[in-house]
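Peer 1: Structure for the following, please:
(chains A and B)
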Amino acid sequence: MVGLSVGEKHFIQGGIAQDLRSDGRKRLTYRPIYVETGVIPQAHGSARVRLGATDVIASVKAELGKPSALQPDKGNIAIYVDCSPTAAPMFEGRGGEELSTELSVALQRCLLGGKSGAGAGIDPTSLVVVEGKVCWDLYIDGLVISSDGNLLDALAAAIKAALSNTGIPKVNVAADATSDEQPEVNISDEEFLQFDTSGIPVIVTLTKVGRHYIVDATSEEESQMSSAVSISVNRKGHICGLTKRGGVGLDPSIILDMISVAKHVSEQLINKLDSEIAAAEASEEES
Amino acid sequence: MEYVSPEGLRLDGRRPMEMRQLRAEIGTVAKANGSAVFEMGNTKVIAAVYGPREVQNRSQQINDQALVRCEYSMANFSTGDRMRKPKGDRRSTEISLVIRQTMEACILTHLMPRSQIDIFVQVLQADGGTRSACINAATLALADAGIPMRDIVTSCSAGYLNSTPLLDLNYIEDSAGGPDVTVGILPKLDKVTLLQMDAKLPVDIFENVMGLAIEGCKAIANYIREVLLENTKQLEYRRGL
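Peer 2: Numbering: from 1, shown residues only, chains lettered A, B, ... in the order given. Next up, the predicted model:
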């Protein structure tokens, strides 16, 4: 994937050991985040997030559907990620499928909680229009346009921004909806409901290179990793999901250490992201 | 349905011979050798060029010229209704082929033997004329990558509805069932490299519609030249010349 010489590898590893990475950052510093909202006018909500040379777009589309019989009081949410071949020639054809699936599953795990929907960043009960009959199906699509490492964190940030940009049309249900038939619904063009996005977690990926771990690794740094742990943390500091990648084993005590570091880093990330989202929303309203 | 009102205005308020607003940006994908975003109204595509580089699949290597490859893909959210299509369906394969052939015709492939040039186009929003927008974006991306070309290629579509030739159809006009003529030209050499039409049209009207599309291509060519010139000025400025 990334062709590096022995000297370059040594330089990256040495820099990380000395807490001064090749782009001048410290081990626990993120690259600057740029957020742009409303980039896809056809979607209900969308956002583009840039993290250095990593560039992703997330869009949210809502469709009226039927809740599953097992969970009549919950709407459906699905996350799909696509890796565009523009990001790297290796994603051509079916080449990006493996990574796309890995990212989709990791995001579902970190943002949507378990099967029951408990611990989800978005409350699935808020999507129900008529219990057991009508609900919103939320489709969240991520697209990787340019990839320079740390895709998971960027995608999670983009999804958070897209959801705060989302307005779901208000639905009026016909009053005589007491029978067993599907009730008639009327979708309003003017009134929109906003989501409560304060509970949506951010994902912090800690990549272990040598004896140390770093946040927001570039693709050069990722090529040198032994393993990586992605931890999703919400504003309250609760851990909402966890994924470990990479083959090399980790000491359990190190994992606990990583979690506490991720918790600390996530506070700054959430604040930074929130202010960026607010700025993006403000500039969108102006234009 | 009425696509041109008695006052001579189209559904989106344009006049029959008016193009949608163009916007282009060079260098949007940092990791690619060349890249560009091209917008025609609500249609928005990104093109990225990788190469010229070593041929990845040795059996495809051509000894006296460069191998040009192209892949067209649409984002799930690009159309009005969300769709989830498998990659490599017939439509995208056909468009990939069209873009590849059009770009191959203008790249000086004999200057780069035993190498490979990859063109990737990604549709972010589709509102009619994606084919044209993709070709225009690919031209800009190739120019940004510094790949030698005979001329820039530009493309534009035109149609014929309510007995009026219309320039640059949007999605609603495109799906109206009338003829849709997509033309690609090399503006400096004044040659047509791409011509596609569906539905039937009398020959004399076809001449008009094609002429209109060629005019559109020339207008786009002027815009693309402006964008490239502006980009070159920026590069010059950054080098401190």
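Peer 1: quick one: contacts for the closest residue in space to residue A:68 that isn't next to it in sequence?
Peer 2: In this structure, residue A:68 finds its nearest non-sequential neighbour in residue A:76, 7.3 Å apart by CB to CB, 6 or more residues apart in numbering or on different chains. Quick note: C-beta positions are derived from backbone N, CA and C, even for glycine. Taking CB atoms under 8 Å, 6 or more residues apart in numbering or on different chains, we find residue A:76 in contact with A:65, A:67, A:68, A:124, A:127, A:135, A:137, A:138.
Peer 1: got it, and residue B:46?
Peer 2: A:84, A:86, A:145, B:28, B:29, B:35, B:36, B:37, B:121, B:122, B:124, B:137.
Peer 1: Tell me which of these fall in helices.
Peer 2: residue B:137 (DSSP state H).
Peer 1: what's the closest of the contacts of residue B:46 to residue B:159?
Peer 2: Relative to residue B:159, the closest of those is residue B:137; by CB to CB it sits at 21.4 Å.
Peer 1: these two touch, right, the closest one and residue B:40?
Peer 2: No: between residue B:137 and residue B:40 there is no contact under CB atoms under 8 Å: 9.8 Å.
Peer 1: more neighbours, those two?
Peer 2: Neighbours per residue (other CB atoms under 10 Å in any protein chain shown) separate residue B:137 from residue B:40, with residue B:137 holding more: 29 against 26.
Peer 1: which among the contacts of residue A:76 gets closest to chain B?
Peer 2: residue A:137 (9.6 Å; CB to the nearest CB).
Peer 1: Next, give phi and psi for the closest one.
Peer 2: phi -100, psi 120 (degrees, to the nearest 10).
Peer 1: so who does it touch?
Peer 2: A:62, A:63, A:64, A:65, A:75, A:76, A:77, A:78, A:127.
Peer 1: Make CSV out of those and add pLDDT.
Peer 2: Formatted as CSV, the contacts of residue A:137 follow (pLDDT from 0 to 100):
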residue, pLDDT
A:62, 89
A:63, 88
A:64, 87
A:65, 86
A:75, 84
A:76, 85
A:77, 88
A:78, 89
A:127, 84
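Peer 1: Residue B:157 in helix, strand or coil?
Peer 2: strand (DSSP: H, G, I helix; E, B strand; the rest coil).
Peer 1: Touching, it and residue B:184? I think so.
Peer 2: No: using CB under 8 Å, residue B:157 is not in contact with residue B:184, being 10.0 Å away.
Peer 1: which residues of the chain score low on pLDDT?
Peer 2: Let's take chain A. Within chain A, the stretches with pLDDT under 70 are A:1-2, A:114-120, A:175-181.
Peer 1: nope, chain B please
Peer 2: Applying pLDDT under 70 to chain B flags residues B:84-88.
Peer 1: re the thing from before, so which of the contacts of residue B:46 sit within strands?
Peer 2: Residues of the contacts of residue B:46 located in strands (DSSP state E): A:145, B:35, B:36, B:37, B:121, B:122, B:124.
Peer 1: Between the residues you listed, which sits nearest residue B:4?
Peer 2: Distances from residue B:4 to the ones in strands among the contacts of residue B:46, taken by CB to CB, are shortest for residue B:124, at 29.0 Å.
Peer 1: Now do the lengthiest helix in chain A: which elements does it pack against?
Peer 2: With secondary structure taken from DSSP H, chain A has its longest helix at helix A:252-286. Contacts defined by 3 or more CB pairs under 8 Å, 6 or more residues apart in numbering or on different chains; DSSP states H and E place helix A:252-286 against strand A:33-37, helix A:151-164, strand A:202-209, strand A:212-215, strand A:227-233, strand A:239-245.
Peer 1: Turn those into TSV, columns for mean neighbour count and distance to residue B:170.
Peer 2: Formatted as TSV, these follow (neighbours: other CB atoms under 10 Å in any protein chain shown; distance: least, CB to CB, whole Å):
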stretch	mean neighbour count	distance to residue B:170
strand A:33-37	21	24
helix A:151-164	27	25
strand A:202-209	26	38
strand A:212-215	22	44
strand A:227-233	24	41
strand A:239-245	18	42
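Peer 1: helix or strand for the closest residue to residue B:197 other than its chain neighbours, which one?
Peer 2: Nearest non-adjacent residue to residue B:197, counting by CB to CB, 6+ apart: residue B:181, 4.6 Å away. Per DSSP states H and E: residue B:181 is located in strand B:180-186.
Peer 1: which is the next helix or strand following that strand?
Peer 2: According to DSSP H and E, the helix or strand after strand B:180-186 is strand B:191-198.
Peer 1: I'd like the next helix or strand past that next one.
Peer 2: Scanning onward from strand B:191-198 (DSSP H and E), the first element met is helix B:203-239.
Peer 1: hang on, the earlier thing: which one of the contacts of residue B:46 sits closest to residue A:201?
Peer 2: residue A:145 (23.5 Å).
Peer 1: That closest one against residue B:122, yeah?
Peer 2: Yes: using CB under 8 Å, residue A:145 is in contact with residue B:122, at 7.0 Å.
Peer 1: Need phi/psi at the residue nearest to residue A:68.
Peer 2: Torsion angles, degrees, to the nearest 10, at residue A:76: phi -100, psi 140.
Peer 1: ditto for the one 4 residues further on
Peer 2: Torsion angles at residue A:80 (phi, psi; degrees, to the nearest 10) stand at phi -120, psi 140.
Peer 1: got it, and residue A:173?
Peer 2: According to degrees, to the nearest 10, residue A:173 has phi -100, psi 140.
Peer 1: helix, strand or coil for the closest residue to residue B:188 other than its chain neighbours?
Peer 2: Leaving aside its sequence neighbours, residue B:188 sits nearest to residue B:151 (CB to CB, 6+ apart; 4.6 Å). Following three-state DSSP, residue B:151 is assigned to coil.
Peer 1: Tell me how many other residues surround the residue nearest to residue A:147 when sequence neighbours are not counted.
Peer 2: Once flanking residues are discounted, residue A:147 sits nearest to residue A:87: 4.1 Å by CB to CB, 6+ apart. Under the neighbour criterion other CB under 10 Å, residue A:87 is assigned a count of 27.
Peer 1: Quick check, residue A:87 in contact with residue B:30.
Peer 2: No: judged on CB under 8 Å, residue A:87 makes no contact with residue B:30 at a distance of 10.2 Å.
Peer 1: any shared contact partners between the two?
Peer 2: residue A:146.
Peer 1: All the strands of the stretch 1-150 of chain A, in order from the start?
Peer 2: Per DSSP state E, counting those that start in this stretch, the stretch 1-150 of chain A carries strands over the ranges A:33-37, A:45-51, A:54-65, A:76-83, A:128-130, A:134-146.
Peer 1: same for the shortest one, what does it pack against?
Peer 2: Read it as strand A:128-130. strand A:134-146, strand A:167-173.
Peer 1: The same query, at a cut-off of 10 Å, please.
Peer 2: Judged by 3 or more CB pairs under 10 Å, 6 or more residues apart in numbering or on different chains; DSSP states H and E, strand A:128-130 is in contact with strand A:134-146, strand A:167-173, strand A:185-194.
Peer 1: Relative to residue B:227, how far out is residue B:189?
Peer 2: 20 Å (CB to CB, to the nearest Å).
Peer 1: Next, residue A:199: secondary structure please.
Peer 2: coil.
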